[in-house]
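> Just a sequence and a predicted model for now, questions to come.
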Amino acid sequence: MITVDLRSDTVTKPTPGMLEAMWSAKVGDDVFGEDETINTLEAKAAAMFGMEAGIFCPSGTMTNQIAIKCFTQPLDELIADQTAHVYRYEGGGIAFNSGVSTRLLNGYRGILTADMIEPEINAENIHYPHTSLVVLENTVNKGGGSCYTLDQIAPIAELCQSRDLKLHLDGARIFNALAHTGDKAGDYGKYFDGVSVCLSKGLGAPVGSVLLADKATIKYARRIRKVLGGGMRQAGFLAAAAIYALDHHVERLKIDHSHAQVLAEELAKCDWVTNVMPAETNIVLFDTVQPADHILAKLEEKGIKANSTDKNRIRFVTHLDVHPEQVEYTVQVLKSL
Ligand SMILES: *Cc1c(COP(=O)(O)O)cnc(C)c1O
């Protein structure tokens, strides 16, 4: 039986070329700064995004939480959309790690504007937490892979600069956003103080994320990574996979996007589906007449795995290990439900 795993773009396995690159990596003790493959990855990713420096971490949660710690003080407040991964899916880490409160806004599919943010910046008053950081997500996971363009980001960055706020990007799927918008990675550095990039999502590396920022921030980030237990030793084997992914798996993201399109178009024709969100990138969110769990059970019987994000909402995510014949098979199964 054909099996298809549409639960997440984190389920990919290293390709033969990637395994080859890992096998031949030159490694050292990264806590001593001696792993040359990690050093290469950090410099390469920073240069790609027009940033000064980078730090390789075990997860995107860690890069985001380190960034929040670097850009705030206890008793501060950050501003994010109510769907934000940093708020919803990082275990309450904003409060736990940084002692910071969160002001949640209601963006359209998770996309904020400067006009939404501006009135939520607290005035200087001892009653109020001090607003010091704005966090954007691109693409927005819970928005169904929706994207910011740099034209939308520029006024937010301008507002942050004029009000002395830091601006961090949770770019877990930033390369998906770039593939869709046509913006250049190198232009991101001038707008953001920090950028997190996941290597283990659409790019298909087995482990890891990088945080990119200026040199002083990354120097402090190394202290925070250590205190969180994220200082790794010969992790260059993982960095080698990440470098391979940056070199070989960025261009192909468009294929994942076209697969998502095909699935979204088919879903729109299904009478058991009430609504399909526009599939801008590699995520398709859709609402079902029956409870999502019933549909998921039927899909599972046919070898297709997916997740629900709400009682009547299902998420499909396409990735490196979803091939055209699996998309075709999924379409046939959707028609038959
Ligand atoms: C996956 C993801 C992260 C990081 O998740 P980890 O599993 O900790 O690597 C951060 N932000 C978004 C939007 C994500 O989808």
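Thanks, I have the structure now. Numbering: from 1, shown residues only.
> Mind pulling up the pLDDT for the one residue in the stretch 1-150 of the chain that gets nearest to the ligand?
Nearest to the ligand in the stretch 1-150 of the chain, going by C-beta to the nearest ligand atom, is G60, at a distance of 2.4 Å. Bear in mind the C-beta positions are built from the backbone N, C-alpha and C, glycine included. In the prediction, the pLDDT value recorded for G60 is 98.
> gap between it and R315?
Remark: distance between G60 and R315 (C-beta to C-beta, to the nearest Å) = 17 Å.
> Could you pull up the contacting residues of E120?
Residues touching E120, when contacts are defined by C-beta atoms under 8 Å, 6 or more residues apart in numbering, comprise 79, 103, 105, 131.
> Widest-spaced pair of these?
Between any two of those, the greatest separation by C-beta to C-beta is 12.2 Å, found for L105 and T131.
> bridging residues for the residue nearest to L165 when sequence neighbours are not counted?
Beyond its immediate neighbours in the sequence, the residue positioned closest to L165 (C-beta to C-beta, 6 or more residues apart in numbering) is V134, lying 5.6 Å away. Here V134 sits in beta bridges with I79, L167, going by DSSP bridges.
> isn't V134 right up against H168?
Yes: taking contacts as C-beta atoms under 8 Å, V134 lies within contact range of H168: 7.3 Å.
> quick one: the helices in the stretch 51-200 of the chain?
Remark: helices assigned in the stretch 51-200 of the chain by DSSP state H, counting those that start in this stretch are 60-71, 85-88, 93-98, 114-117, 150-162, 174-181.
> which one of these is the most hemmed in?
helix 60-71 (a mean of 26; mean count of other C-beta atoms under 10 Å).
> Which elements pack onto that helix?
Secondary structure elements in contact with helix 60-71, counted by 3 or more C-beta pairs under 8 Å, 6 or more residues apart in numbering; DSSP states H and E, are strand 53-57, helix 85-88, helix 93-98, strand 130-137, strand 166-171, strand 194-198, strand 209-213, helix 215-227.
> Using JSON lines, please lay out those together with distance to the ligand and mean pLDDT.
Conversion of the helices and strands packed on helix 60-71 to JSON lines gives the following (distance: least, C-beta to the nearest ligand atom, whole Å; pLDDT from 0 to 100):
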{"stretch": "strand 53-57", "distance to the ligand": "9", "mean pLDDT": "98"}
{"stretch": "helix 85-88", "distance to the ligand": "3", "mean pLDDT": "98"}
{"stretch": "helix 93-98", "distance to the ligand": "10", "mean pLDDT": "98"}
{"stretch": "strand 130-137", "distance to the ligand": "5", "mean pLDDT": "98"}
{"stretch": "strand 166-171", "distance to the ligand": "5", "mean pLDDT": "98"}
{"stretch": "strand 194-198", "distance to the ligand": "5", "mean pLDDT": "98"}
{"stretch": "strand 209-213", "distance to the ligand": "6", "mean pLDDT": "98"}
{"stretch": "helix 215-227", "distance to the ligand": "14", "mean pLDDT": "98"}
